[in-house]
Every structure is written in C-alpha cells, then in structure tokens.
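1. build me a model:
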Amino acid sequence: MDEYIEQLLAEIPNSTLQDVVKNILDEPIPEAVKRRLLKPLQPRKYRPIPPPRKAKARKRKAIQEEFDPIPSHKVLRSVEDYQEELLGLFEEPEELAFRQTPWALGNFLRGWQMDVPQGHPQGPDPRTFLEIVEHQIREKLEEELIALRGGLKFQLAIKLELIKTNLDGSEEFMEPILRHNQEAVLQKNEIKAALEEAFPRLLETLEKWTQRGSGWAVVQVRTLWLDIARYQPLRGGSYIPLPPALKNKKAVVNVKNMDDHCLRWALRSALFQATENPHRPANYPTADGLDFTGIDAPTPISQIGKVERQNDLAINVFGWDKGVIVHHVSKQPEDMPRINLLLIQKAVKFHYTWVKNLNRLLHDQNKNGRKKHFYSRQGGDAPRGKAHLSESPQTAARALRYLRRLRSPHHESRRAGARPDKKQHPEDTTPRGMQLLVVRCDGKTEAPAEYRGPKAAEHFLRALQVEERGIQKVLAKPQAMRMTNTDWESHRTASRCHVCDGLLKGDSVKDHCHITGKYRGAAHSACNLKLRLSPKTTTIPVVFHNLRGYDSHLLMQAISKVEGRVSCIPNNTEKYISFSLGQLRFIDSAQFLQASLDKLVSANKPEAFHITARYEPDRALLMRKGVYPYEYMDSWERFEETQLPPKEDFYSKLTCTNVSDSDYTHAQRVWETFGCQTLGNYTDLYCRTDVLLFADVFENFRKTSQKQYGLDPANYYTSPGLSWDALLKKTGVELELLTDYDQHLFIEKGMRGGISMVSKGHARANNPAVEGYDPERPNSHILYLDANNLYGWAMSQPLPTGGFRWVEDCDGLVGTIKDQPADGPEGFILEVDLEYPQELHDEHNAYPLAPERMVVQKKWMSEYQHGLLGAGVASAEVEKLVPNLRDKNHYVLHYRNLQLYLGLGMKLKKVHRALRFEQSPWMEPYIRMNTELRKQATSAFEKDLYKLMNNSVFGKTMENLRKRVDVKLVRSHEEDKLRRLIASPSFARANIFDDDLAAIEVHKSRLVLNRPVYVGMSILDLSKTLMCDFYYGQLKNQYGDRCQLLYTDTDSLLLEIQTEDVYRDMVAHAGLYDTSDYPREHPLHSVENKRCWGR
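-> Here you go, the predicted structure:
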C-alpha cells in the first residue's frame, strides 16, 4: 500500500496526500490508470520486507504522519492490554427490570422502580432510554390493569445525573427528579396513546428545568419510577338532592332521574329547557338526537370530551367543594355556546346537573362581605380551580395575630439519629435513637429525654404525646396572678395597651401569664381575651433543624403507627414547611436560621449557652459540632464496641471527605473526658450535645426577636412570615388588597426579576499593576462594582399603599408623566408602547433598557449554542428575561422607570392603561431599624439575623400563591377519601410513607390572591432604575465609549474602563462609592459610606 501511495505522489508532482485524494475524488480517472487498477492480482510467494533505507524511511514516515499524525508507537498495545475492553464489547449488558417499591397503600397506591447501573449503554440519553423501556412500561401497565380490575392513573418519574463544567474548570453534579402530569387509563387499548402523551411531557420537564441554569448536560438516567393509583372515575348517576347552599342560589336544574344516565338528562335540560317543573324527567323528550355511542353510564368526566365531539357540543363541568371548582373546560372553538354542568356529590355517589345561571352560582354571599370570583371558561389552559381576591376594598394587610406576640408556652427541641443498616437492608434508614428537650416559656427545662433502640421514631412521637398531655393539664389550670409593687405602679401609670400599643381609655385590665402567674402589662379587655391559651387548641411547637430534609420522611413513616389527627403545610408531597400531630406542630428552624448547627454555635457568644451549661458543666469541649462516624454505624453491634473506630472509618461517601486530624483528636478527647465506655455512650453524648446546643441557639433567637420585634418565632413557620409581621408592627401601615382581578393581572404582567447577562465575552486589563503591561497600548482597568443592599434601597423609596384606580385620560399622561415627582403622594403603573430609536442601539447595546420576558427561540441562537444542543446540553424554548433593543408594545412598568427611559432617549408612543395609587416610603423605618441594629450587633449571629429580617421581607411581597400545593395525609382505612382524591381531576401525585400512610398532592381548587404584589413589582422596577441610572448617568457620562459593560447580575456591574488610573478617577466621585473594605492605607479608603444603601 505504501508503494502505491508513493507511486501516486510521484505521478502528481508537488502534491500532498490530501491533494491526491481530492483529485481522485473530483476528477475522472484516466483509462490507463483504470486498466492498471482493475488488472486482476496474481498470488505471489511471500518474501520478508527488508528494512527500508534511511531516506526512504523518512519519506514513508512523513507520508504516514500526514495521513495519521499520531505516531504508531504511541497507540500500539498488545492484545492482552485490550482483552478486558474487548470482552466487554461482547458481554450482554444487564437487563433492566422493574421491582416493586417497599410500600403500598392497600389496593389503591403502589410503585415500581427501575435502577440503571452506572455506565449502562441504555442510560445516557433520556429519549432513547424511554424508547427502549417503553415495552416494559406498557407490560407493567397491562399487568396493573388486570390486577386492579379497573382503571388506573400513572405517573412516570426519572432521576437524572447531570453535569456542568464551570469557567474555572470545576464540575458540578446534580440529580433532579422529573415528572409529568397524571395519565388516566381505563382500558388496555388506551396505554399506547397515554405513553405517547407522557413521554414528551416528561422530556419537556427536563428542558424547562434548565431555566435554573444553562450548560447542564445529561450523564445518565439513574432511576425510573412508575407510580400507579387505582382509578375509579367520577361518574354521574341517579338523582342526588342539591345541598342547601346550592339550592338557595336557584342557579341549577337538577333532574330527578332514577337511572344512571344523569349526564344525558342534564344535557336534555339544557337543550330542551322546560318552563315548568324542570326537575321532572317527563318534561324532556327521550328522542333527543344525542349520540352516546361508546359512552359509559354512569359517565366519567374523562369521557366528556368524547361526548362533545360526537354531538358537536361545548361542555364545561364544574364541581362543588364548599365552593365552585373546575373539573373540565371545553376545548371546542370559542364561538360555540357553552353548556355548563355541575357535578355534585354525596358520599361516593355523583350526579350531573345543569347550571342555568352561572353568575348566580358564582355569587357567594356571607356575613363578612362579598368575594369576587374569576374563571377562565374557555381554553385548554384554564386553571383547575377558583381564584378570589380580598373580601372588600378596605381589607388591610395590617392585623397581626396577637398570639404570635405571646411567647409560646412550651417548645420542644429534638435530635433523632438515623443510620442505614447496610449489612441487612441497604436502603433502610431506621432511626437508632432520639433526644427530646422541653423548654417552658420562662426558660425552665427538664433533663433531656433520650432513647436508643428499635423503633426510635415511634418512641419519640409517643414521648411527645405524653408531653402534650402534660402541657394540656398545665394549661387547664391557669396560675393566679402575682403582682409586685413595681407591677402595681406600672399598671397604674400605663397609658397604652402592651399588646396592640393602642391608647387605654378606661377599659384596661391586668394581663398575666397563665403558666407562671407573672404580670405582663395593662391591656384592653378585648386584647387580653385574644391571648387566652386553651388546652384544646393551643399548638405546641416541636422544633427540628432541617426538618424539611430526611427527618420529616422518617417521622411520617412513624406517624402512621400512632394515633392522632395528622395535617401538613407542604412544599410538595416530599417536603413540608410544617406538619401537625394533634396539637403538636413540627417546624423547621432552618427556615429561620439558614446555616449549619456548627456555624450557628460559632456565631453565638459563649455566655449564650445557659441550657448547655446546666446539663454539661464542662461545656468548653462541646462548644462545636461533634464528630461522628455516620456510615460506620451500620449495625446494632457497632454500638457495643468499646473504642472509637480508626480515623479512616469516619470517611463520608456523601461528601467524599474524611475527618481532619484535629477533628479526630477532638473526638478522642471527648471520649476520654466524658468517660465513654461504648460507641453507644458516645452516640448518646453526641445527640444530647446537639440538642442542648440547638436549644440554646433557638432560645437566643427567640429572645432577640422578642426584644427587637415583640414577636416569638416559635409561632411562625418561616422567616418571611416573621419579618412581614415585624414590618407591619413597626410601620403600622394599612395596605389595601386588590379586589379588581384585572388590576392584579395587570401588575403581575410588570413583574420582572433582576438582569443577568454577559455583554462582552473577553477583556484584558492593561495598566502598570498587571502582568504583561504594554505601555504602547491605552491603559485600561477591569472594575467590579456591587450596589450595597440594592433591594433595601428600593424598599426605602416611596411605595404603593392603596387608592388603586384606573386613569381615565391615558392620553394626557403622554405629555405629563415625565414631570410626576418621584417622592410625590401619588404614583403610577402604566402599560405603554415605547420606541427604541435606531441611533441609541450602538450606545445601549451592552445594557439595553426595558428588558422583556420572552421565549428564547432556537432560531435566535448562535452556531455555538446549537453546537451545545447537539452535544447533549439540555435546553428548550423557555421564557427568559431578555434585555433587547426592540420597540416595546404593551409594556407594563413603574412610572419612575418610564421617566428614566425617556430621559435616556426612548420615545413614548402610547399609554394603553394606567393605574394610579397612593404612595409613601412606608418600609423605610423598618429597613433603617434593621440596618442600625446590624451596625450595633456584638455577635455574628445578630448581624446575620438583622440582615435576614431585611432580605426575607422582600420575598413576602413577591410570593406566588399559584405555586402552592395542597397535600392531604391519608391513612389506609380512609378508603372513601382516598378514592375521591385519586378520582378528582385535581389529583397530582402520591407519596407512600408506609403501608398505612400516604401523602396525596392535589392542585388547589381555590386560591385567595391576598398578597400586595404591587409592592414587589415596584421594588423590582425601582432597583433597575438605580443600576441603569448609575451606568448611563454616571459611568457613560464620565467615560463615554471608553467604558464597556462586560457582565451584570442584578446588583453588580463588571466593567472595562480605558483610563490612566481608575482609582484616581474615583476620588473625584468618592460620594458615590462605599470603599470601607479597601485597605486602610489605600487613598480611597473611607467609612463615610459604609453599608449605605445603593452605594
């Protein structure tokens, strides 16, 4: 072959091998060459090839390197080297198979799981993986249809391993679990269509998930779950009397049919309306012309669409659950008249009725006022429920629950240890022990209760129930009031209620603690009554740190074994903000104190640990997070070992780290100092120390909160709720809640988060302080600026409080809006058309004004981005906040943003709508108070707390109530309840804790929109005015084209500035910057603007 190549090169002088190949492919082959190439080859005797001459060898090597630049001696390996790899190519990969998950709830809920081994050839691509295992999913669904003897709902979930490579070369891994909506299957022939619906939706969730961050690529599918729920569809049947609340509305026709064809009777009553006795079947023709071929009787909601198509009708189906909810919204063309049906229920029986007057049905009246309800009656994306706003225009978000000011009578701190028993049950994470400490409102405690042994979680819950009964007895026998001379004098001179801070007008009473008998202060009689503690209703907080982690799952499994009423406030079916057992309310301290226990202990002063000192006098050695060999403790026998395991047995597979030498030495010192005889003793000490330290941290948090805000965190679920009440209490503001749904949607349309983007991909500083300085090139600096407390600054500005009304003369605002004062008593939110003049495009290209939420289409992406998609990076056409230079149509914004944009050159073409409101800087006193408290703080704990109280209050103004879910905890004996929940169109998914308890997630059937979203929208918009005004009004005015934005992320700017010395330039504008963190010897160092908002 080599000789042939050489011959070809010789025939084509001054050519390379690539030229030869190109010519062969592109030009016709001469006839002489053809004959020579096609001449049959004759066998010849083998002769060894002599070693080539040096010149010839060099030429051959050059040809080989041109053809294949990798030297052969670097790639040649023996067959033995490849043996393992070669054998792997011919080995059959492990067959994937479903196995049933450990728990099932009766004959209603069960799950199947398919694990994908690392490196399995079917794992890397989710789409291919689903196509390969489709037949197994289909077979399993067919088996379940037979086993359940009826219909089912199923949901697929996949856990993926994702990887992202950061700019610094480091890698991030994540394992999200993605799900699709429930799919209903009643017959075997429906399975294929259901999977064709499920697979794209499942893959779509992967694409939507990438909104959290770009650059993620799929490594492998790790697990596939198939969750099955027995489905008995809601079916209409024979006559059910209307509930009194519906009957009084006179909005529904309820035919008294005695057969199972109530859907047909309801349609007849709508199509052939009877003027008299519409409830009698005899008043309707049986020859109705309706086609019910293939329609079951009773008819499930799932067949309503088929009824519509066969009869050319448009049917909406509502339900009744203490109010109207939506079961089915017609997808027929909008110009078709709608027939509205109401499906009513009695026990497990359902019945269709015709809604003759929808307005009457939706019109709720009660003693508190009226609620406005809004429904989307057409379109496939209509909400599965009801949204209503506040009850009257005067409803204010000011009132506090007075009991939240009162110190909780008792709270209980806990620690429950859980370790997997890998030797016997690889997936078992049974708790091995528990610690419980009860703290009274006056700080008194008893020695921690502890238990180590089987069924620790059940022992823990039963111990809590014993404490619950004891606390109820204490509350049932209130202590008599004890007053000192000082108390008498204080009460005699009191002029304000210590509860509400209102003036006392001769109606004051003495308020005292019913547990300690201590006098608390003078109060209005009504306020005093609100502070009563009832043994039957007073909740008892049980505080866990990081309850939303695995602890909640362990407790839920144990709750099924004890008696008591169970409820929860969920994030989803797996994580809970809080849950309750009887009057015991479990809360997560990590929702307030967002750090590890070790960091929280370090942030507090040593003298704050009174409880720890009470039970562990030699606490100095314990004033840090303990060291524990979690994964080593994999059997009961380990607890009987009489010495610490070696250091290597403290290795954690979860974090892929081992303990340090100092940590191991600390563990040895603790063992010796406290006289531990076994690892069981060491475990008890470790858990007890955690509980005592945690109790001191949380008690210090409560004391600080009550001192500064007059509120007890033990009465709250999260820091946003606590900070919001602290804000309202401090400011005394009354915020009007919106009652006009159009106003609410209008404001939501203007809600846009912070801008994050790269404007210029590469820059290199050039000045004497950097390596590689080139004096021939202009001096340039790369400067990173960050706005101090950007949202704090925005929250200190005038913000809406109420008085919302539409502006009638919108055209008049076109010429006057620019003159509206920023700090005036009135403000505006407007919907406008803006022109972005062409002459501004070059100047504004790096930081465009008026960003828009829009779907980023693939056709807009660069070749590089398309290359990433081809490389397996997950992406989709999803909505992003995109700064752009296009004209804006129907753009909703705050009037101060509009003023800034007009001042920077944009042109106002039209005002479509404008909402006028009253405004004032009502949040400023609260923000300033926390800022000052942070400056005066003497511990890191207090500094972090006051920062949190400012930051978390903003989240309350942005709360999206539509994302809330409703979770029902159902026990196995509640079959009717379980059947109804699964059959409901609102059913989302189920999480089985064990054979007796499951969490059923349902979409909310009604939603109360009672958050002041106008505040959050204004804060977001005002923060953009500060950033844009500083960039264009200061930096671009100062430097012009010599200042280029490289990157921005909400409150930060990364800039490339061409100037001799950027720090010398900053001296002239020192009032704009906070340089308190600069070295003291730096000429710009100053504390004048230290932590000033917006600097």
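2. give me the pLDDT value at residue 495.
-> Listed pLDDT for residue 495 reads 90.
3. quick check: closest non-adjacent residue to it.
-> residue 504 (5.9 Å; CB to CB, 6 or more residues apart in numbering). Every residue, glycine included, has its C-beta placed from N, CA and C.
4. check residue 1085 too.
-> residue 1078 (4.4 Å).
5. can you give me the neighbour number for that neighbour?
-> 14 (other CB atoms under 10 Å).
6. ditto for residue 716
-> 22.
7. residue 724 is in contact with that one, correct?
-> No: counting by CB atoms under 8 Å, residue 716 stays clear of residue 724, with 9.5 Å between them.
8. so which bits of the host helix or strand of residue 111 are buried?
-> Residue 111 belongs to strand 109-115 when assigned by DSSP states H and E. Across strand 109-115, burial judged by 16 or more other CB atoms under 10 Å covers 109-114.
9. now the angle between strand 109-115 and the helix or strand where residue 143 lies, please.
-> Following DSSP H and E, one finds residue 143 within helix 126-148. Relative orientation of helix 126-148 and strand 109-115, computed by axes from the mean of the first three to the mean of the last three CA atoms, to 10 degrees: 140 degrees.
10. in terms of secondary structure, what does helix 126-148 contact?
-> strand 109-115, strand 151-165, helix 191-209, strand 217-231 (3 or more CB pairs under 8 Å, 6 or more residues apart in numbering; DSSP states H and E).
11. what's that helix in contact with?
-> 96-98, 107, 110, 112, 114, 116, 122-123, 151-152, 154, 156, 158, 160, 185, 187-188, 191-192, 194-195, 199, 202-203, 206, 218, 221, 224, 226, 228, 230 (CB atoms under 8 Å, 6 or more residues apart in numbering).
12. can you give me the mean pLDDT across it?
-> Mean predicted lDDT for helix 126-148 stands at 90.
13. for it, list the C-alpha coordinates in CSV.
-> Extracted as CSV, the C-alpha positions of helix 126-148 are listed here (Å, rounded to 0.1, in the frame of the first residue of the first chain):
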residue,chain,number,x,y,z
PRO,A,126,-33.3,10.0,28.3
ARG,A,127,-35.2,10.0,25.0
THR,A,128,-33.5,6.8,23.8
PHE,A,129,-33.9,5.2,27.2
LEU,A,130,-37.6,5.8,27.3
GLU,A,131,-38.0,4.3,23.8
ILE,A,132,-36.1,1.2,24.8
VAL,A,133,-38.0,0.6,28.1
GLU,A,134,-41.4,1.5,26.6
HIS,A,135,-42.4,-2.1,26.1
GLN,A,136,-41.6,-2.9,29.8
ILE,A,137,-43.7,0.1,30.9
ARG,A,138,-46.5,-1.0,28.7
GLU,A,139,-46.4,-4.6,30.0
LYS,A,140,-46.4,-3.4,33.6
LEU,A,141,-49.4,-1.1,33.0
GLU,A,142,-51.3,-4.0,31.4
GLU,A,143,-50.5,-6.2,34.4
GLU,A,144,-51.7,-3.5,36.8
LEU,A,145,-55.0,-3.0,34.8
ILE,A,146,-55.7,-6.7,35.3
ALA,A,147,-54.6,-6.7,39.0
LEU,A,148,-56.7,-3.6,39.9
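14. buried stuff in it?
-> Result for helix 126-148 [16+ other CB under 10 Å]: buried residues 126, 129-130, 133, 136-137, 140-141, 144-145, 148.
15. touching the strand holding residue 111 from outside, list them.
-> 96-101, 103-104, 133, 136, 140, 144, 222-230, 978, 990, 992, 998.
16. just the helices from the stretch 351-500 of the chain, written as ranges.
-> 358-362, 456-476, 485-493 (DSSP state H, counting those that start in this stretch).
17. the ones you listed: which one's closest to residue 948?
-> helix 456-476 (28.7 Å; CB to CB).
18. check which helices and strands the closest one is in contact with.
-> Under the contact rule (3+ CB pairs under 8 Å, 6+ apart), helix 456-476 is packed against strand 410-418, strand 431-440, strand 449-452, strand 540-544, helix 552-559, strand 576-581, strand 584-588.
19. I'd like the distance from the fifth one to the chain centre, please.
-> So the one you mean is helix 552-559. Helix 552-559 has its C-alpha centroid displaced from the chain centroid by 22 Å (CA atoms, centre = their mean, to the nearest Å).
20. now do the buried residues in the longest helix along the chain.
-> Taking DSSP state H as the criterion, the chain has its longest helix at helix 679-709. For helix 679-709, burial by neighbour count (16+ other CB under 10 Å) applies to 679-702, 704-706, 708-709.
21. repeat that for stretch 606-626.
-> For stretch 606-626, by 16+ other CB under 10 Å, it's 608-609, 611-612, 615-616, 619, 622, 625-626.
22. thinking again about what came up before, closest one to residue 527 among the helices and strands packed on helix 126-148?
-> Per CB to CB, nearest to residue 527 of those: strand 109-115, 47.9 Å.
23. CSV for the helices of the stretch 351-500 of the chain, including mean neighbour count?
-> What follows is the helices of the stretch 351-500 of the chain, written out as CSV (neighbours: other CB atoms under 10 Å):
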stretch, mean neighbour count
helix 358-362, 16
helix 456-476, 18
helix 485-493, 12
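24. domain assignment for this protein?
-> 2-75, 99-231, 244-388, 414-478+534-709, 480-532, 741-937+1011-1060, 961-1008 (automatic domain parsing).
25. avg pLDDT for the third one?
-> Right, domain 244-388. The model assigns domain 244-388 a mean pLDDT of 80.
26. what about the nearest residue to residue 338 once chain neighbours are set aside, how many residues nearby?
-> Ranked by CB to CB, 6+ apart and with sequence neighbours excluded, the top spatial neighbour of residue 338 is residue 314, at 5.0 Å. By other CB under 10 Å, the residues close to residue 314 number 19.
27. go on, residue 892?
-> For residue 892, the count of nearby residues is 22 (other CB under 10 Å).
28. who does it bridge with?
-> residue 831 (DSSP bridges).
29. what sits against it?
-> Contacts of residue 892 (CB under 8 Å, 6+ apart): 746-747, 749-750, 829-832.
30. then residue 971?
-> By CB under 8 Å, 6+ apart, the neighbours of residue 971 are 560, 566, 996-997.
31. of the residues you listed - the most surrounded one?
-> That'd be residue 997 among those, by other CB under 10 Å, with 21 neighbours.
32. mind telling me what element the nearest residue to residue 738 once chain neighbours are set aside is part of?
-> Closest residue to residue 738 apart from its sequence neighbours, by CB to CB, 6+ apart: residue 744 at 4.9 Å. In the assignment (DSSP H and E), residue 744 maps to helix 741-749.
33. what comes up buried for that helix?
-> Those buried within helix 741-749 under the rule 16+ other CB under 10 Å are 743-744, 746-749.
34. any regions of the stretch 951-1095 of the chain where pLDDT drops low?
-> 1005 (pLDDT under 70).
35. show me the strands in it, by range?
-> Per DSSP state E, counting those that start in this stretch, the stretch 951-1095 of the chain carries strands over the ranges 966-971, 987-994, 997-1002, 1006-1008, 1043-1049, 1052-1058.
36. quick one, the second one and strand 217-231 angle?
-> Between the direction of strand 987-994 and that of strand 217-231, the angle (the same axes, to 10 degrees) works out to 90 degrees.
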